[in-house]
Each structure stands twice: as C-alpha cells, then as structure tokens.
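Enquirer: Need coordinates for the following:
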Amino acid sequence: MTTINQMAARRHFFRDCGVGLGSMALASLLQKDAAAVSSIAPRPPHFEPKAKAVIFLFMAGGPSHLELFDPKPELNKLHDQVPPESFVKGKRFAFLKTGAKLLGCKRKFGQYGQSGMTLSELLPYQREVVDDVCYLKGMKTDVFNHGPAKVFLNTGSPQFGRPSMGSWVSYGIGSESNSLPAFVVLQSGGRGPRGGSALWSSGFLPTVHQGVPFLKGANPILDLETPKGIDPKQQGDFVDAVRDLNRQRLQSVGDPEIETRIAAYEMAFRMQTSAPELVDLTKESQKTLTQYGATPGRPSFAANCLMARRLVERGVRFVQLYHTDWDHHGGGDNLETSLEYVCRETDRACAALIKDLKSHGLLDSTLVVWGGEFGRTPMGENRGTTGRDHHIDAYTMWLAGGGIKPGYVHGKTDEIGYNAIENQVHVHDLQATILHQLGLDHTKLTYRFQGRDYRLTDVHGKVVKEIIA
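Expert: Numbers count the residues shown, from 1 in each chain. Predicted coordinates for the structure are as follows:
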C-alpha cells in the first residue's frame with residue numbers, strides 16, 4: 001500500500017523539482033509557444049492590410065436609427081396605430097407589451113454632401129463628413145438586453161468569458177508601439193457600460209492582450225509615478241531584477257502568464273516616460289481643441305476622441321471609446337431632451353475625429369467604427385415622455401477610413417424601419433470585416449482552448465465585400 005510519505009514524495013517530484021518529469025514535460029509543451037502568444041510585438045497579418053488600427057466609437061445603450069439616420073415618412077403616417085398581431089408575433093422585446101403603438105419621428109432630416117446622405121437635425125457636425133463615411137443601414141444582432149448584447153458585439157458570444165475584438169486584434173498582429181498598450185479603453189458619459197470589463201477582457205487569451213482602461217481626468221493611469229526617493233536607475237535595476245527572476249520561472253514551468261507579467265512590468269516602466277506626454281492635450285493647437293470641443297484636463301467624449309487620434313498616431317492598435325446614456329425608453333431618458341443632449345456631447349467630436357485623422361494622413365490606415373449594441377423599435381414606449389424599446393432586427397452603424405468605401409450606403413430597412421430588407425449585415429459579418437481590413441482572415445484567427453479552436457466570429461460571419469473600396 002502506498003504510504004502518505006510516498007505520495008508526498010511523488011507529488012514533490014512531479015511538481016517542485018526543477019528537473020522533474022512534470023516540469024520538463026510542461027516546459028516542452030508550453031515554453032516554445034509562451035512568447036509567441038503573449039508578446040504584443042508586431043506580427044505579420046494573413047494578407048496585406050488596408051488598415052493598421054481601429055478606433056471604435058461605442059455608443060452604449062442603442063442609438064435610434066429612426067431619429068438619426070433612417071427617416072420613415074410611412075411610420076409618421078401610421079403614428080399611434082397598433083401594428084397587426086402578425087407583425088410582432090414571435091418577436092422578443094425587452095419592455096414592450098401587447099398593443100404597443102407605432103411612434104412617428106418628430107425630427108427633421110436633410111441630405112448632405114456630394115453623396116446626398118440623409119442625416120437628422122440632431123447631427124449637424126456629422127453632415128460635414130458624410131462623404132468620408134459608409135453607413136450600414138441593415139444591421140442585425142441576436143441579443144436584446146444591454147449587457148449580453150454589448151458582450152456579443154465585442155466578443156462574438158453573449159456569454160461572458162470570451163476574448164474581446166481588441167484582444168483578438170492584439171493577439172493576431174500585435175502592436176506597433178513598445179511604450180503603450182496594444183488595446184486601450186476610454187470611457188465617458190454618465191456611468192460605465194453594462195457588461196463592464198468583460199467588454200475588453202482577453203478571455204482565455206493571454207492577459208497581455210486585454211484592454212487597458214484609462215481613467216477619467218488628468219492622470220488616467222494609476223500608480224505610474226515613481227515613488228519619492230527612488231531614482232530612475234534604482235527603478236530600472238529593480239525592473240531588470242524582477243524580469244530576470246520571472247524569466248527563470250518561465251523557463252522552469254513554461255506558463256505564458258509569466259511572460260505577460262514580464263511584459264506588464266516592462267511596459268509600465270516605459271509608460272512612465274510615454275504616458276505623461278500622451279495625455280497632455282495642451283500640446284495640441286487651440287484650433288484642434290476647438291474643433292473637437294475639448295478642454296485639457298476636463299474629462300469628456302471630445303477629449304477621448306482627441307486622445308484616440310494621439311494613441312493610433314503612436315502605434316496603438318485598437319482604441320475603444322464607450323459613451324453611455326443612449327438608452328431612451330422614455331421618462332427621464334427620452335427621445336426629446338435626453339437624445340438631444342447625448343448627441344450634443346458626441347456629434348462634434350465624431351466629425352472632428354474624421355477630419356483630424358484625415359489632416360494627419362491617418363484616416364486611410366485607421367478604421368473608425370460608430371454604433372451601439374442594437375437599435376430602437378418603431379413602436380413607442382410611454383413613461384411620461386416618449387421613447388423606444390430595444391430592437392435587434394434593423395439599425396444603423398457607420399464606418400470610415402481603413403479601406404472602406406466612402407460616401408456610401410449599404411443596406412435598407414422596410415417602410416417603418418422594423419426589418420432589414422436589403423444587404424443585411426449581421427454582427428458577425430461586421431466583426432469579420434473589421435478583421436479583414438487589418439489583414440486578418442476571421443476563419444484562421446483561432447486559439448485552442450479546452451480542446452477546441454475558438455475564433456471571434458465563432459462558426460459564423462462573412463466579409464462584407466461590397467463596402468470595401
């Protein structure tokens with residue numbers, strides 16, 4: 001019979017001995033791959049890319065395509081009528097009840113630019129850049145509640161735990177910056193987006209690829225300053241010593257997370273020099289600050305848009321801006337004052353970002369994406385003031401730069417904006433197209449986890465070739 005001491009000795013041999021069978025086997029399996037999957041150094045894409053970086057302007061809450069991009073005169077005619085039962089049978093909504101009435105749109109629309117794009121009066125600045133933008137008016141998703149829908153758009157699954165799009169991009173092609181993270185997250189608006197850190201998580205990918213959220217304010221990165229009494233040489237010696245110890249441990253066990261830890265220490269050390277210069281918006285001209293509507297030291301969506309340009313300018317691969325308060329059911333969050341306010345907060349800076357990227361020669365190599373997790377229903381809600389419920393079958397997003405066809409509309413909805421009837425683009429199609437513009441084949445960008453290969457688009461998605469220039 002095996003004694004307790006024999007069992008303990010066996011465990012020690014396999015687990016703790018530097019030359020034990022367990023360590024040797026694990027090292028041989030993992031060490032050769034650890035640096036490759038953990039590093040954010042630039043890596044070649046699958047094919048020649050059109051874009052080098054992505055700026056995703058995430059309007060968290062679900063912007064109403066009916067008030068912003070997709071006017072429906074027929075809906076206005078049918079205002080206050082109850083749609084036929086067959087119209088909503090089998091459909092799922094977050095809050096609408098039986099008998100909900102159609103709600104016409106009060107906003108005025110006009111046509112702008114050489115392309116004649118149709119835009120709402122709520123977006124006076126974006127009308128100046130319509131000829132640089134491609135509108136996807138037939139978007140569709142699968143999930144009608146905020147948190148899971150945001151996770152779905154970001155990770156390809158409504159369940160938490162999968163890697164986000166920015167993490168897949170970092171894993172696929174790394175970063176062109178050695179002093180800033182590959183994937184940065186900026187937030188503005190009333191509160192953080194539902195879904196929280198799962199929206200920029202690296203999931204089962206090495207954690208070096210997760211999004212790094214910058215805080216609001218003049219000091220967006222915590223604990224970056226050197227402690228008093230420590231000079232740069234002392235700190236550099238400390239970082240080098242910790243790196244050497246971690247590398248010894250990495251060689252012993254082959255755990256790729258140790259490579260992540262090494263990279264994190266070294267990145268933080270380099271960011272002590274790069275970050276203060278990055279976040280100092282006073283270096284920008286007054287003309288640029290005015291164009292965005294940004295004030296140095298004051299947190300805002302405008303400041304984040306300007307920061308996004310500065311980040312991609314310095315080689316950051318994926319920048320995601322979340323601006324909340326787009327959830328307009330009625331009551332305090334309505335289609336009248338609330339929607340007007342959030343449009344004023346974002347419209348000017350969105351247009352300025354396109355112009356600024358263009359003037360810096362960055363728009364061709366930067367893919368800008370605008371949109372939320374879903375749209376809003378043609379039927380209204382009444383919570384004292386009017387609003388619309390979540391809608392997954394038809395809504396609008398837009399893209400600009402990065403090899404996307406400018407001044408173009410792709411997709412069409414029916415007469416009341418309820419269903420996409422031409423050139424529908426599913427969320428997985430959008431994900432596949434974003435990766436494609438970065439030179440990545442979404443079917444080949446995979447990672448083996450728990451016995452199967454995973455990808456951002458799961459087993460779905462097709463590149464929307466019609467919108468590529």
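Enquirer: secondary structure class for residue 388?
Expert: Here residue 388 is recorded as strand under DSSP: H, G, I helix; E, B strand; the rest coil.
Enquirer: The residue nearest to it when sequence neighbours are not counted: how many residues sit nearby?
Expert: Spatial nearest neighbour of residue 388, excluding adjacent residues (CB to CB, 6 or more residues apart in numbering): residue 376 at 3.5 Å. (Glycine included, C-beta is placed from N, CA and C.) The number of residues packed near residue 376 is 31, by other CB atoms under 10 Å.
Enquirer: just checking, residue 376 is part of a strand?
Expert: Yes: according to three-state DSSP, the state of residue 376 is that of a strand.
Enquirer: Dig out what it forms beta bridges with.
Expert: Assessed by DSSP bridges, residue 376 has beta-bridge partners residue 390.
Enquirer: residues touching it, list them.
Expert: Residues near residue 376 by CB atoms under 8 Å, 6 or more residues apart in numbering: 62-67, 328, 387-391, 395.
Enquirer: Got a ChimeraX select line for the buried ones in those residues?
Expert: To isolate the buried members of the contacts of residue 376 in ChimeraX, using 16 or more other CB atoms under 10 Å:
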select :62,63,64,65,66,67,328,387,388,389,390,391,395
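Enquirer: what does the model give the closest residue in space to residue 401 that isn't next to it in sequence for pLDDT?
Expert: Closest residue to residue 401 apart from its sequence neighbours, by CB to CB, 6+ apart: residue 363 at 4.0 Å. On pLDDT, residue 363 comes in at 98.
Enquirer: now swap in the one 4 residues further on and tell me
Expert: Residue-level confidence at residue 367 comes out at 98, pLDDT.
Enquirer: Spatially nearest residue to it, not counting backbone neighbours?
Expert: Closest residue in space to residue 367, ignoring its immediate chain neighbours: residue 402 at 2.8 Å, by CB to CB, 6+ apart.
Enquirer: Distance of that neighbour relative to residue 347?
Expert: Computed as CB to CB, to the nearest Å, the residue 402 to residue 347 distance reads 21 Å.
Enquirer: which one of those two has more residues nearby?
Expert: residue 402 (27 against 21).
Enquirer: circling back: so the residue nearest to residue 401 makes contact with residue 354?
Expert: Yes: counting by CB atoms under 8 Å, residue 363 does reach residue 354; the two are 6.8 Å apart.
Enquirer: any shared contact partners between those two?
Expert: 132, 400-401.
Enquirer: between these, which is nearest residue 245?
Expert: Set against residue 245, the nearest of the shared contacts of residue 363 and residue 354 by CB to CB is residue 401 (44.0 Å).
Enquirer: Listing request: residues of the chain with sub-threshold pLDDT.
Expert: 1-39, 217-227, 232, 234-235, 260-261, 263-274 (pLDDT under 70).
Enquirer: Find the centremost residue of it, please.
Expert: The centroid of the chain falls nearest to residue 320 when counting by CA atoms, centre = their mean (4.3 Å).
Enquirer: Pull the contacting residues for that one.
Expert: Residues in contact with residue 320, defined by CB under 8 Å, 6+ apart, are 55-56, 58, 166, 183-186, 199-200, 211.
Enquirer: mind checking how far the residue lying closest to residue 375 once chain neighbours are set aside is from residue 62?
Expert: Excluding its sequence neighbours, the residue lying closest to residue 375 (CB to CB, 6+ apart) is residue 395, at 2.5 Å. From residue 395 across to residue 62, the span is 8 Å (CB to CB).
Enquirer: picking that back up, more crowded one of residue 363 and residue 354?
Expert: residue 354 (25 against 22).
Enquirer: wait, what's in contact with that one?
Expert: So residue 354 contacts 129, 132-133, 363, 368, 400-401 (CB under 8 Å, 6+ apart).
Enquirer: And the residue nearest to residue 375, how far from residue 368?
Expert: Separation of residue 395 from residue 368 (CB to CB): 18 Å.
Enquirer: Okay, and which of the contacts of residue 354 map to strands?
Expert: Members of the contacts of residue 354 lying in strands (criterion: DSSP state E): 133, 368, 400.
Enquirer: Who does the last one form a beta bridge with?
Expert: Translated: residue 400. Assigned bridge partners for residue 400, using DSSP bridges, are residue 133, residue 368.
Enquirer: so it touches residue 368, yeah?
Expert: Yes: applying CB under 8 Å as the test, residue 400 and residue 368 come out as touching, 4.5 Å apart.
Enquirer: dump the residue contacts of residue 413.
Expert: 65, 70, 72, 137-138, 394, 419-421.
Enquirer: can you tell me which of those are in helices?
Expert: Cross-referencing these against helices under DSSP state H gives residue 65.
Enquirer: closest to residue 275 among the contacts of residue 413?
Expert: The shortest approach to residue 275 among the contacts of residue 413 belongs to residue 65, at 37.8 Å (CB to CB).
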